[in-house]
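Asks: got a predicted structure here, sequence first:
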Amino acid sequence: MNGLLIAIKSEIFIALRTFASKLIVAAPALVATAQLLLVRLTEAGQQARDSLLGGSNFEADVANNAYGFFVDSLSTGLTMLGLLLVAQAAYSFSYERDIGSIRHILIRRVSRRSLMSAKLIHLHVLALLSVLLLLVSSYLLSGMLWEYSAIVEDGFELISESEIREEITLGIQLALLPLPAAIAFGLLVSVSAQSATQAVSTALGITLAIDIFKGLLGDLALYLYASFQPSLIDQSYLQSVSRIVRGYSDVLIDDRVLQLNMWVPFPALLVFFAASLWIVQRRKL
Amino acid sequence: MQALSVAGLNKKYGSFAVLDDLNLQIDKGSIHGLVGLNGSGKTTTIECILGLQEFNSGSITALGYPPPQLHLSKGRLVAIFDSPSLHPNLTVRQCLEHALLLCEKPKRSAEDVETLLSISRFRDFKIKNLSLGNKRRASIAQALLGDPEFIVLDEPFNGLDAEGVDDVLELIRTLNRDQGTTFLLCSHQLPYLEQICSHIAILHKGKISHSNTINNLLGNTQTILQLKTAETEAASKVLEAISGAELIDIDTDGYLNIRISGTDSIAINQAMVENKIPVAELILKRASLAGLFREITSEDA
């Protein structure tokens, strides 16, 4: 068995026995679930008030379509997942360096390069599990609380269910593409920082700063992987999907932006990971 | 056969040279102690040997591997550091199971090393809840799972109680005697090193100033005899007549410090008796590693 496999086994062994990994897998789904329940409760209150006052809810069919709520909950969950992954990636290497446990694995069986690759793979596995749990829980709960249907107005079907599903699938794909780059960015900060605390605060600080200032960067922001992630100030395609599946016709889709969304994150991942490897080969551990 | 060979090792932090043309050879099957003052570069030396930090020039091979490829030895070399270096949120047993993943052919089970290090009753305790001494035992336990050929220990006695020190010393002796395990011990606890080491290397001013078997090193040092008497002047004259005895000084407590070589305390006591000089105390201060170390490190102070 080579060093990479041993390092992956080691990462998984620790992950199964510590809280942080479980948090990454479960937290986005839990937050999305809480959001759906709160929205449903708020809606129920609104409906009760409307029926008491004799008024009617606006566009009830559209408002009750589960697809919109499903996309909103995904957006919330992926925003949280992005931040959690950056934080965990920043924490993973720097914390083990702080406590010294990384020394044992490097001296005994694993090269620095294999260790970093194992961390990257392990974080992707966590991300995948988290996304799967988020998708399943959000889809099922949205379906239980509302009804999945096509967008119909005045008896005409504006958007069919298959078209909605296609848009949602594309939105999810585009939202997931920047996550590997976010993980690699966290690892880069992790190997560069002096301590775990510094690594996590720096990684989250930079991520939030990019989120805040990307609006000021104009077209340059399109060359930042983080611009395409669901985030607090969301400019991702998933945000547009949320409006499309609710029947809004004023959503402008720029093909160039979609293309950049496809192609910017991968080189960012490679650059961040290559820089991490270069630094980790030279660092005192 | 050499377990470790360090030749011309240089390491600088900025313009400050911590290690300056350091040379060190450790034979397989030996227990080698590395001693030095605080900041003399002991930990830096160990970290360079283990590939944990880069060095400016020189060459190192441990069990035939250069530091960046040490992982290819597949656990034949392990290290135990001055801090426990274990995951604080894992239990002792989980730490040992994790270490088993790193062993190509584990020779001992987790239960075996728990018993060996007397930590069986703590096996379900999280590392963060253990005392420093037990953390150190757990750290040693996980190092022993894979039957290593070469063990590097940095300050192995820190935080251990008297019983713990005895256990570790006995463990080192047993592993060395029964399995020929090579040890490099880096410690300030010179009396413990004196008990256990076959060789000592003294690191001073970035170089190995002395490196030899402990018997050869201590054999070159002189024994001091302290004599207390009310008649210091008469005693001084008697000492002048004894060949192999040299009065160094009379300290503030009134002790005559006598360097002896080629004679012994019995002859000096007999000479005092014959000259009717009443001897109140006669203390033989044998050559010790601590004495030798102080002597060497104070030479250039």
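Replies: Sure, I can see it. Numbering: from 1, shown residues only, chains lettered A, B, ... in the order given.

Asks: what number of residues lie near the closest residue to chain B within the stretch 1-150 of chain A?
Replies: Across the stretch 1-150 of chain A, the shortest distance to chain B (C-beta to the nearest C-beta) belongs to A:Gly100, at 3.2 Å. For the C-beta atoms, the positions are set from N, CA and C on the backbone; glycine is no exception. Neighbour count of A:Gly100, defined by other C-beta atoms under 10 Å in any protein chain shown: 18.

Asks: residues in contact with the closest residue to it other than its chain neighbours?
Replies: Closest residue to A:Gly100 apart from its sequence neighbours, by C-beta to C-beta, 6 or more residues apart in numbering or on different chains: B:Ser85 at 3.2 Å. Counting by C-beta atoms under 8 Å, 6 or more residues apart in numbering or on different chains, B:Ser85 touches A:99-101, A:103-104, B:139.

Asks: could you dump those into JSON lines and include pLDDT?
Replies: Shown next, in JSON lines, are those (pLDDT from 0 to 100):
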{"residue": "A:Ile99", "pLDDT": "92"}
{"residue": "A:Gly100", "pLDDT": "90"}
{"residue": "A:Ser101", "pLDDT": "91"}
{"residue": "A:Arg103", "pLDDT": "92"}
{"residue": "A:His104", "pLDDT": "90"}
{"residue": "B:Ser139", "pLDDT": "89"}
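
Asks: now those residues as a markdown table including distance to B:Gly254 and secondary structure?
Replies: As requested, the contacts of B:Ser85 are exported to a markdown table (distance: C-beta to C-beta, whole Å; DSSP: H, G, I helix; E, B strand; the rest coil):
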| residue | distance to B:Gly254 | secondary structure |
| --- | --- | --- |
| A:Ile99 | 54 | helix |
| A:Gly100 | 51 | coil |
| A:Ser101 | 56 | helix |
| A:Arg103 | 53 | helix |
| A:His104 | 55 | helix |
| B:Ser139 | 48 | helix |
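
Asks: you'd agree the residue of the stretch 1-150 of chain A closest to chain B is up against B:Ser83?
Replies: Yes - counting by C-beta atoms under 8 Å, B:Ser83 is a contact partner of A:Gly100 at 5.5 Å.

Asks: so which bits of the stretch 51-200 of chain B are right by chain A?
Replies: Within the stretch 51-200 of chain B, the positions adjacent to chain A are B:51-54, B:68, B:70-71, B:74-75, B:77-79, B:81, B:83-90, B:94, B:97-99, B:101-104, B:142, B:146 by C-beta under 8 Å from any C-beta of the partner chain.

Asks: out of these, which are buried?
Replies: Neighbour-count burial (16 or more other C-beta atoms under 10 Å in any protein chain shown) applied to those gives B:51-53, B:70-71, B:74-75, B:77-79, B:81, B:83-87, B:90, B:94, B:97-99, B:101-103, B:142, B:146.

Asks: which residue, other than its chain neighbours, is closest to the residue of the stretch 151-300 of chain B found nearest chain A?
Replies: Using C-beta to the nearest C-beta, the closest approach of the stretch 151-300 of chain B to chain A is made by B:Val152 at 8.6 Å. Among residues not flanking B:Val152 along the chain, B:Ala79 sits closest, at 4.3 Å (C-beta to C-beta, 6+ apart).

Asks: against B:Ser30, how distant is the one you found?
Replies: 17 Å (C-beta to C-beta, to the nearest Å).

Asks: quick one: pLDDT of the closest residue to chain A within the stretch 101-250 of chain B?
Replies: Going by C-beta to the nearest C-beta, chain A is nearest to B:Leu102 of the stretch 101-250 of chain B, at 4.6 Å. Per-residue pLDDT puts B:Leu102 at 86.

Asks: that one is in contact with A:Ser10, isn't it?
Replies: Yes - if you go by C-beta under 8 Å, B:Leu102 and A:Ser10 touch, sitting 7.1 Å apart.

Asks: identify the contacts common to these two.
Replies: A:105, A:110.

Asks: what residues does chain A have near chain B?
Replies: Of all the residues in chain A, those lying near chain B are A:3, A:6, A:9-10, A:13-14, A:17-19, A:99-101, A:103-111, A:282, A:284-285, going by C-beta under 8 Å from any C-beta.

Asks: so among those, which ones count as buried?
Replies: A:3, A:6, A:9-10, A:13-14, A:17, A:99-101, A:103-111, A:285.

Asks: from those residues, which land in helices?
Replies: When DSSP state H defines the helices, the subset of these inside them is A:3, A:6, A:9-10, A:13-14, A:99, A:101, A:103-108.

Asks: ok, the residues you listed vs B:Leu22, which is closest?
Replies: When those are ranked by distance to B:Leu22 (C-beta to C-beta), A:Ile107 comes first, at 20.2 Å.

Asks: ok, that closest one to B:Leu77 distance?
Replies: A:Ile107 is 7 Å from B:Leu77, by C-beta to C-beta.
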